[in-house]
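S.K.: build me a structure from this.
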Amino acid sequence: MRLSSATRCGTIFSGSGFGGVTVATAFYRFSFPSARFLTLLRIVIVFLLSAIAISAQQNAPTDFDSLAQSAAAARDAGHTSDAIQFYRRAVTVRPDWAEGWWYLGTLLYDSDQFADAIPALEKVLSIAPGAPGTLNFLGLCEFENGDYRGALQHLERGYAQRSQDDPQLTRVAAYHLVLLLNRSGNFARANKILFQDLSHGAASDQIILAFGLASLHVPLLPTEVDPSKDALLQSAGRLALLVAQNEGTQAADGYPALVQQYPDVPFLHSAYASALQSAGRMNEAAAQLQLESKLHPATATAGHAIAAYYANEAARARLGPKPAGHSATSSSPAASPEQQWQLAVQLFSAGQYAEAIPPLKATIAAHPEMGTAWGMLGLAEFQTKDYENALLHLQKGSALGFGGSRDSIRSAKYALGLLMIHKGQFDQATDLLYLEAQGNSLEKQIQFALGLALLHKPVFPGEVPPAETELVQSAGEISLLLHFSKYNDAFPKLKALIQAYPDTPLLHYVYGVSLASFCEYGDAEAQFAAEARISPQSELPWVQTAFAQLSARRPADALVSAQRAVQLAPGSAEAHYVLGRSLMDSGKFEDALKELQATAQINPGSPEVHFNLAKTYAKLGRPDDAQRERDRFAQLNAAIEKQRSEHGSQAYGAAHTASELSQGAPPPGPSNP
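M.R.: Sure, this is the predicted structure:
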């Protein structure tokens, strides 16, 4: 999780200007020059370059005001390297210039020059101890530089002085403070900050992992966790996040399956008890606490044992001797990372997937940004049926970038698509598989997987009953035809499939979405009504009915349909969004604002939500809020256009809900929760 100072709102100090010198160069072309001519030319060029250098030295700013103006101009133009040099020279001329030291420190932070940034930020504190944000930036630099004691001290002080003027910096600093509190074993304070500062809005995988580490009392940094524990920590983190969001009942309902899967994990029963207490189920909570005490009585070495259970090889080296009973593997810790990688490749290629996992973990501990190693680990876990970790690690590898042949990359993406389907992530799986769907040896398998996604069947292909094989294969074929806008071929096949399987969920829905895309709203509504009869607990047909009614300029009808959708799925971003749109078109802007704000909380990455928030704020006479939402819309829309240009446009995704919310901004990267 990283923060760029370029994204911060406003500046800490006032007073900046623009200045600088532009040097133009010309290039000439000569045909077949003689040796004598070339010699003369070299003399002329050397003379000219010397003259330019002397002129540049003479014209370079030397007084403080010129240096400050040049530094500000370079910073505003995004020329970070030049700005750093100008600020260095300016603070040499005026060592008590706090603004210059502050910008120098934050620009060095932005450039990942953490060690160099620390003295600059320390200088700011000595000159202007109350300069906002300085303690947090200093702590973040120390964290990245491995000075965890200093980072903890300064982030604690920065947290005490936090303000709402810079919420992004506050959130990033709070996240890193939580990591350090976890590492030091102060789980109570880590949980307090997680609940107060990091439980609102969309949570990244990094924040969810921080919740999991605190919930299960794991005194490690995320980089020190053995990948085999990722699924457990992510699951525990999601449930702990629900408790922090006052969703105790939902969290309490989720713990039994996790406890059954990991019955002996320390502090899991305590976390379950917290969820039960949040849900008001006190007697059950007391029983879980008693069970925790019986299974894991408090001892002086308990913290070390827990850390060793979750630690990767690098972390175990920091923790000291391994606990008794730790067995050696064929992947010796004494081997170099390159040897570990070679061993992993050999074992994986030989189909020895379980044996390949330890050297893959060792490789990742040494090279955590190696996407190919994460991908191979995920595939090995997929083959050994560790599906939760396989999904997490294939996603990690995909985000970092798979290496290898085109066929091997396609196989990894196919496995990832299957795991997404198994997890119920149908839209994400469809987006991924469309890119690999044609012209290769996996074409038929991918088409079958697309059929599973269209029909929302969270199973692997081998788990499909023989009687449904033709249905799924046909659904996959139709999904591809719709995706490539081959409607003349898709519609007859879809009609025939509905006639053959009239009570199968999602078929009427997909047909209705397709009809609505051709403005055939009446026929589309009829298909959505049929879907609602087949799937009475699904909000999807009601959401799309409301969109069709809005398109047909019937906001009163759309309002009724949208309210039904929200009633069926109060946590659905699309249901709240279409309700907000219906209220807007009905002229009820105050009520519309509440629904659109709820949508933005659930799905902050949709540009359409922010566009309509801007319109609503404008209608309510709140121009500053409207402008903020326009800026956010422009930012998200630009990101999506870039994504489309890289991956190609998608005319229609049959497994998608096909509403205006089906497109969202790219997910936060590894350094941005």
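S.K.: count the neighbours of the residue nearest to G320 when sequence neighbours are not counted for me.
M.R.: Spatial nearest neighbour of G320, chain neighbours left out: H304 (7.8 Å); criterion: CB to CB, 6 or more residues apart in numbering. Where C-beta positions appear, they are placed from N, C-alpha and C, glycine not excepted. Counted with other CB atoms under 10 Å, residues neighbouring H304 total 16.
S.K.: from V265, how far out is H304?
M.R.: 16 Å (CB to CB, to the nearest Å).
S.K.: now L232
M.R.: Taking CB to CB, one finds L232 at 7 Å from V265.
S.K.: hang on, the earlier thing: in whichever strand or helix holds the residue nearest to G320, what counts as buried?
M.R.: H304 belongs to helix 302-310 when assigned by DSSP states H and E. By neighbour count on 16 or more other CB atoms under 10 Å, the buried set for helix 302-310 is G303, H304, I306, A307, A308, Y310.
S.K.: just stretch 146-161 next, same as before
M.R.: Judged by neighbour count (16+ other CB under 10 Å), stretch 146-161 contains these buried residues: D147, Y148, G150, A151, L152, Q153, H154, L155, G158, Y159.
S.K.: which residues are contacting it?
M.R.: Applying CB atoms under 8 Å, 6 or more residues apart in numbering, the contact partners of stretch 146-161 are 130, 132-136, 138-140, 142-143, 173-174, 176-177, 180-181, 183-184, 193.
S.K.: from these, which land in helices?
M.R.: 134-136, 138-140, 142-143, 173-174, 176-177, 180-181, 183-184, 193 (DSSP state H).
S.K.: who does the helix holding H304 touch, helix- and strand-wise?
M.R.: When contacts are defined as 3 or more CB pairs under 8 Å, 6 or more residues apart in numbering; DSSP states H and E, helix 302-310 packs onto helix 313-319.
S.K.: which strands and helices sit next to the helix it packs on?
M.R.: Identification of packing neighbours for helix 313-319 by 3+ CB pairs under 8 Å, 6+ apart yields helix 302-310, helix 353-366.
S.K.: run the chain-centre distance for the longest one.
M.R.: Averaging C-alpha positions (CA atoms, centre = their mean, to the nearest Å) puts helix 353-366 25 Å from its chain's average.
S.K.: over to stretch 304-313?
M.R.: 26 Å.
S.K.: let me see the mean pLDDT of it.
M.R.: In this model, stretch 304-313 carries a mean pLDDT of 84.
S.K.: which outside residues touch it?
M.R.: With CB under 8 Å, 6+ apart, stretch 304-313 has contacts from 216-220, 224-227, 229, 233, 266-267, 315-316, 319-320, 322-323, 326, 333, 361-362, 364-365.
S.K.: cutoff 6 Å now
M.R.: 218-220, 224-226, 229, 266, 319, 323, 333, 362, 365 (CB atoms under 6 Å, 6 or more residues apart in numbering).
S.K.: most surrounded residue in the residues you listed?
M.R.: Busiest of the contacts of stretch 304-313 [other CB under 10 Å] is V218, holding 29 neighbours.
S.K.: how close does the closest residue to that one other than its chain neighbours get to S538?
M.R.: Leaving aside its sequence neighbours, V218 sits nearest to Y310 (CB to CB, 6+ apart; 5.0 Å). To S538, Y310 is 39 Å away according to CB to CB.
S.K.: now Q346
M.R.: From Q346 to S538 the distance is 49 Å (CB to CB).
S.K.: more crowded one of these two?
M.R.: S538 (18 against 13).
S.K.: and that one, what pLDDT?
M.R.: At S538, pLDDT is 96.
S.K.: helix or strand for it, which one?
M.R.: S538 belongs to no helix or strand, assigned by DSSP H and E.
S.K.: any low-confidence regions in the stretch 551-673 of the chain?
M.R.: 642-673 (pLDDT under 70).
S.K.: and for the chain?
M.R.: Scanning the chain for pLDDT under 70 picks out 1-62, 164-165, 298-302, 321-335, 642-673.
S.K.: just to revisit the earlier point, any chance of the helices and strands packed on helix 313-319 in JSON lines, plus distance to I84?
M.R.: Below are the helices and strands packed on helix 313-319 laid out as JSON lines (distance: least, CB to CB, whole Å):
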{"stretch": "helix 302-310", "distance to I84": "39"}
{"stretch": "helix 353-366", "distance to I84": "31"}
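S.K.: any of the contacts of stretch 146-161 buried? List them.
M.R.: Applying 16+ other CB under 10 Å to the contacts of stretch 146-161 flags 132-136, 138-140, 142-143, 173-174, 176-177, 180-181, 183, 193 as buried.
S.K.: sorry, back to before: counting only helices, which of the buried residues of stretch 146-161 make the cut?
M.R.: Y148, G150, A151, L152, Q153, H154, L155, G158, Y159.
S.K.: of all these, which comes closest to Q69?
M.R.: G158 (30.5 Å; CB to CB).
S.K.: how much space between that closest one and T170?
M.R.: G158 is 9 Å from T170, by CB to CB.
S.K.: in contact with N186, which residues?
M.R.: Counting by CB under 6 Å, 6+ apart, there are no residues that N186 touches.
S.K.: by contact count, what packs against the helix or strand encompassing S274?
M.R.: S274 belongs to helix 268-278 when assigned by DSSP H and E. Judged by 3 or more CB pairs under 6 Å, 6 or more residues apart in numbering; DSSP states H and E, helix 268-278 is in contact with helix 230-244, helix 248-261, helix 282-295.
S.K.: so which of those gets nearest S204?
M.R.: Here helix 230-244 is closest among the helices and strands packed on helix 268-278 (CB to CB), at 10.7 Å.
S.K.: can you list the buried residues in that closest one?
M.R.: Neighbour-count burial for helix 230-244, counted by 16+ other CB under 10 Å, picks out 230-244.
S.K.: what of stretch 192-210?
M.R.: So for stretch 192-210, counting by 16+ other CB under 10 Å, buried means 193-195, 197-199, 203-210.
S.K.: same check, this time on stretch 109-123
M.R.: Y109, D110, Q113, F114, D116, A117, I118, A120, L121, E122, K123.
S.K.: pick out whichever of those sits closest to A575.
M.R.: D110 (39.8 Å).
S.K.: can I take it that S582 is in a helix?
M.R.: Yes. Counting by DSSP: H, G, I helix; E, B strand; the rest coil, S582 is found in a helix.
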